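*Asks:* okay, sequence plus prediction incoming.
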Amino acid sequence: MKATTNDPIVAEIRAARDKHAAQFGYDLKEIFRNIRAQQESSGRKYVRYPARPATATTTTTSTQ
């Protein structure tokens, strides 16, 4: 595992993300709605790709 460093840019981004999430009680659906509303009101053109089907993943566990 990589050691955690105290990068001030990462800390600033995490603080901004936490502040934004706190405004919506950390409710992911509300956070997503707010981000979508911001996108729509920005006047920018966003690319949306069609959803891809989920792929099954398998894990193998060996017991020896």
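*Replies:* Looks like it came in fine.

*Asks:* return the backbone torsion pair for P50.
*Replies:* The phi/psi pair for P50 (degrees, to the nearest 10) reads phi -70, psi 150.

*Asks:* quick one: stretch 33-46 to chain centroid distance?
*Replies:* Relative to the chain's own centre, stretch 33-46 is displaced by 16 Å; criterion: Cα atoms, centre = their mean, to the nearest Å.

*Asks:* neighbouring contacts of that stretch?
*Replies:* With Cβ atoms under 8 Å, 6 or more residues apart in numbering as the contact definition, stretch 33-46 has outside contacts at H20, Q23, F24. The way it works is simple: take the backbone N, C-alpha and C, and place the C-beta from them, glycine included.

*Asks:* just among those, which is most surrounded?
*Replies:* Top of these by neighbour number is F24, holding 14 neighbours under the definition other Cβ atoms under 10 Å.

*Asks:* and the spatially closest residue to that one that is not a sequence neighbour, helix, strand or coil?
*Replies:* Nearest non-adjacent residue to F24, counting by Cβ to Cβ, 6 or more residues apart in numbering: E30, 3.9 Å away. Assigned with DSSP: H, G, I helix; E, B strand; the rest coil, E30 falls in the helix class.

*Asks:* how many neighbours does E30 have?
*Replies:* By other Cβ under 10 Å, the residues close to E30 number 13.

*Asks:* I9 too?
*Replies:* The local packing of I9 (other Cβ under 10 Å) involves 7 other residues.
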